[in-house]
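A.B. asks: Below is the structure, and that's it, no one-letter string:
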């Protein structure tokens with residue numbers, strides 16, 4: 001995860017100091033994370049993700065990340081969501097005022 005963090009930071013053209021300031025840690029601590037000397041917990045991973053405008057799972061190595069869905073899979077997902085939304089709208093009962 002740490003090497004991925006360095007890659008993502010550089011892709012956003014951020015220095016270690018800039019990213020460290022954004023997440024509320026010191027630059028030396030971030031350097032230790034990027035050099036695999038320190039681990040991060042989920043809370044810190046969330047802060048990194050927010051600072052880098054990414055999803056937390058994107059900090060994980062590429063082989064751990066979910067595969068992108070195909071256009072056909074997206075179409076099926078969209079149909080399921082529409083069906084679920086329509087079903088929920090039909091089952092909701094109006095509230096008496």
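C.D. replies: Done, it's in. Here the structure is a predicted model, which means the values were calculated and not measured.
A.B. asks: What pLDDT does the model give the spatially most central residue of the chain?
C.D. replies: The residue lying closest to the centre of the chain (C-alpha atoms, centre = their mean) is residue 55, at 1.1 Å. Residue 55 carries a pLDDT score of 91 in this model.
A.B. asks: swap in residue 68?
C.D. replies: Per the predicted model, pLDDT is 84 at residue 68.
A.B. asks: what's the answer for residue 62, then?
C.D. replies: For residue 62, the pLDDT comes out at 75.
A.B. asks: Count the neighbours of it for me.
C.D. replies: Other residues near residue 62 come to 8 when the count uses other C-beta atoms under 10 Å. No exception for glycine: its C-beta is placed from N, CA and C like everyone else's.
A.B. asks: give the contact list for the closest residue in space to it that isn't next to it in sequence.
C.D. replies: Excluding the flanking residues, the one nearest residue 62 by C-beta to C-beta, 6 or more residues apart in numbering is residue 4, at 7.6 Å. By C-beta atoms under 8 Å, 6 or more residues apart in numbering, the contact set of residue 4 is 58, 59, 60, 61, 62.
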